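Undergrad: Sequence below, structure please.
(chains A, B, C and D)
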Protein chains: 2
Amino acid sequence: MAVHVLAVLAYKEGDRVSSALLAGSVNTNPVMVRRLLLALQRAKLVETGKGAGSGSRLSRSPGRINLAEIYRAVEDCEPFATPARKPNSACPVGYCIRATLEKVFASAQVALERDLEKTTLATVIGAVQAASGCGGKKVG
Amino acid sequence: MAVHVLAVLAYKEGDRVSSALLAGSVNTNPVMVRRLLLALQRAKLVETGKGAGSGSRLSRSPGRINLAEIYRAVEDCEPFATPARKPNSACPVGYCIRATLEKVFASAQVALERDLEKTTLATVIGAVQAASGCGGKKVG
DNA sequence: ACATATGTAATCACTCTAGTTACTTATACG
DNA sequence: CGTATAAGTAACTAGAGTGATTACATATGT
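TA: Sure thing, here's the model as predicted:
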């Protein structure tokens, strides 16, 4: 959803876009989009203004925003969930399995993000434009 | 949790282990462990028997089981969730954003699994034994 | 001032998951 | 043969998490 929103903003090439229009493309509620935009603002990926005729736009060119940055902006927690209950620390395996797996999972997450870094918003937009016949159609 | 269970089985070096004992180490219910073991059986990672004195054991040596196999055995769906509602297909971005992102996410998942492949159960057990002072302590 | 658009809280509905209980089936052992 | 043990499995409950929605305050441009 975050990539979708940013792709629309990239498609609009710097124009201010309201949360209502973005919500129309994602097919959700404007409030959901605004909550997402707050995270993207914190990550300095978008700039948002209030008032008539305002809205959001990218703070950088699409070629300088990669998917790993988007991932980090919206996915605060780790992809590997740890069980709610702690393992039995009286068991030698339970005692240190978490610490052991944390390192493994951290490495896997780095590998994941390195792969996401290879794709930029410009790449995504390119695929979109190729699929839609390179037209400057209406968005929303 | 799957890694934890398999680590205990590896620690027991081929002995049959009951779901109740595994549940004690993971600190959960034996039924949860049995449900997990069903998935691990389907992936041919463990062998399970019924009856008194029976239980589960690894079907291969720990050095020949890597974390990517475990991941695939228990994580059936993709790590990147797609929104419940479909994007607005009247929008050029919404029309093809899903297909575009599917490729990106598939690539990221491959990168993730490639990293997990580098770690085997033997690696995990090695870390566990190093942390617990190489002792043959009681498990459970 | 007024219309527009964001920021944000409160709430509801739905889903997912872990947990639990209970029962059936299969195996080993005396 | 019968009893104990342990897996397979269904049904139900509880809680967390998420999306959606409504409502309202705040800020901004005309």
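
Undergrad: What residues does chain A have near DNA strand D?
TA: Residues of chain A lying close to DNA strand D (CB under 7 Å from any atom of the strand) are A:Met1, A:Asn27, A:Thr28, A:Asn29, A:Val31, A:Met32, A:Gly49, A:Lys50, A:Gly51, A:Ala52, A:Gly53, A:Ser54. Bear in mind the C-beta positions are built from the backbone N, C-alpha and C, glycine included.

Undergrad: how about the fourth one, what does it touch?
TA: Each residue near A:Asn29 by CB atoms under 8 Å, 6 or more residues apart in numbering or on different chains is listed here: A:Ala23.

Undergrad: same thing with the last one?
TA: Taking CB under 8 Å, 6+ apart as the contact definition, A:Ser54 lies against A:Arg16, A:Ser18, A:Thr48.

Undergrad: measure A:Val124 to A:Ile70 for me?
TA: Distance, A:Val124 to A:Ile70, using CB to CB, to the nearest Å: 10 Å.

Undergrad: More neighbours: the two, which one.
TA: A:Val124 (26 against 22; other CB atoms under 10 Å in any protein chain shown).

Undergrad: returning to what we had before: export the contacts of A:Ser54 to TSV and append columns for pLDDT and neighbour count.
TA: Conversion of the contacts of A:Ser54 to TSV gives the following (pLDDT from 0 to 100; neighbours: other CB atoms under 10 Å in any protein chain shown):
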residue	pLDDT	neighbour count
A:Arg16	97	15
A:Ser18	98	18
A:Thr48	98	18
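
Undergrad: on that earlier part again, name the residues contacting each of A:Val124 and A:Ile70.
TA: With CB under 8 Å, 6+ apart as the test, A:Val124 and A:Ile70 both reach A:Val3.

Undergrad: Which positions in chain A make contact with DNA strand C?
TA: Contact residues, chain A versus DNA strand C (CB under 7 Å from any atom of the strand): A:17-20, A:30-31, A:34-35, A:37-38, A:41, A:48-56, A:83-85.

Undergrad: So which of the residues you listed sit within helices?
TA: A:Ser19, A:Ala20, A:Pro30, A:Val31, A:Arg34, A:Arg35, A:Leu37, A:Leu38, A:Gln41 (DSSP state H).

Undergrad: Of all the helix elements in chain A, which one is longest?
TA: Counting residues, the longest helix found in chain A (DSSP H) is helix A:92-117.
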